[in-house]
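J.: Give me the fold of what follows.
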Amino acid sequence: MSFGRAFDESALFRICFVCTGNICRSPMAEVLFKDLVERSGYGHAVSIMSAGTGEWHVGEQSDARTLAALASKGHDGSKHRARQFDPDWFNSLDLVVAFDRSQERILKSWARTDQDRAKVHLLLSFDKEQAPLIDVPDPYYSDAAYFSTVLNMIERAGRALFTQIEPGIRWGAR
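T.: Next comes the predicted model:
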């Protein structure tokens, strides 16, 4: 099921954020990163999606605490519907961003080639200051305040990721 989202094959750069259920961390990253890319003027050049490694929440909206955390920063995540990552997507992706080592392991095990495995990276690895933490914690079993903490981690690491890929996007968009 696509739930209305598809990769923009014409985009210069295609990225998928992948967490466990696609209702907390990865939808946060998708919304925040899309906003960052749009504000930078590269919305036409970057295709951004999110998914989960599990199928438990397929078709559901993001967790209400995810929506509230996003709304507190002026973002609307209400259109999101959870989906499960499909290993066939590797062919269409340039980067697959996981939030913890468990997801990273699963995604790399689903990759059929070394080239596809090389597309999988942990989000915090893009942020020098947060990289030692390795994993973005799952806020699902926590309170709303922890969702805000996780959102801030994701926002910061997403900015660091964008800083690293932006020169290539700028060059390709010329």
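
J.: Could you pull out the buried residues of the helix ranked longest in the chain?
T.: Longest helix in the chain, counting residues (DSSP state H): helix 144-172. Under the neighbour-count criterion of 16 or more other Cβ atoms under 10 Å, helix 144-172 has 146-148, 150-151, 153-158, 160-162, 165-166, 169 buried. In short, each C-beta sits where N, CA and C put it, glycine included.

J.: okay, now residue 137: neighbour count?
T.: By other Cβ atoms under 10 Å, the residues close to residue 137 number 15.

J.: show me the contacts for it.
T.: By Cβ atoms under 8 Å, 6 or more residues apart in numbering, the residues touching residue 137 are 100, 146, 150.

J.: Kindly reformat those residues as JSON lines containing pLDDT and distance to residue 94.
T.: Listed next are the contacts of residue 137 as JSON lines, based on pLDDT from 0 to 100; distance: Cβ to Cβ, whole Å:
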{"residue": "100", "pLDDT": "98", "distance to residue 94": "21"}
{"residue": "146", "pLDDT": "98", "distance to residue 94": "31"}
{"residue": "150", "pLDDT": "98", "distance to residue 94": "25"}
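
J.: List of residues touching stretch 119-127?
T.: 17, 29, 90, 93-101, 104, 107-108, 111, 130-131, 133-136, 153-154, 156-158, 160-161, 164.
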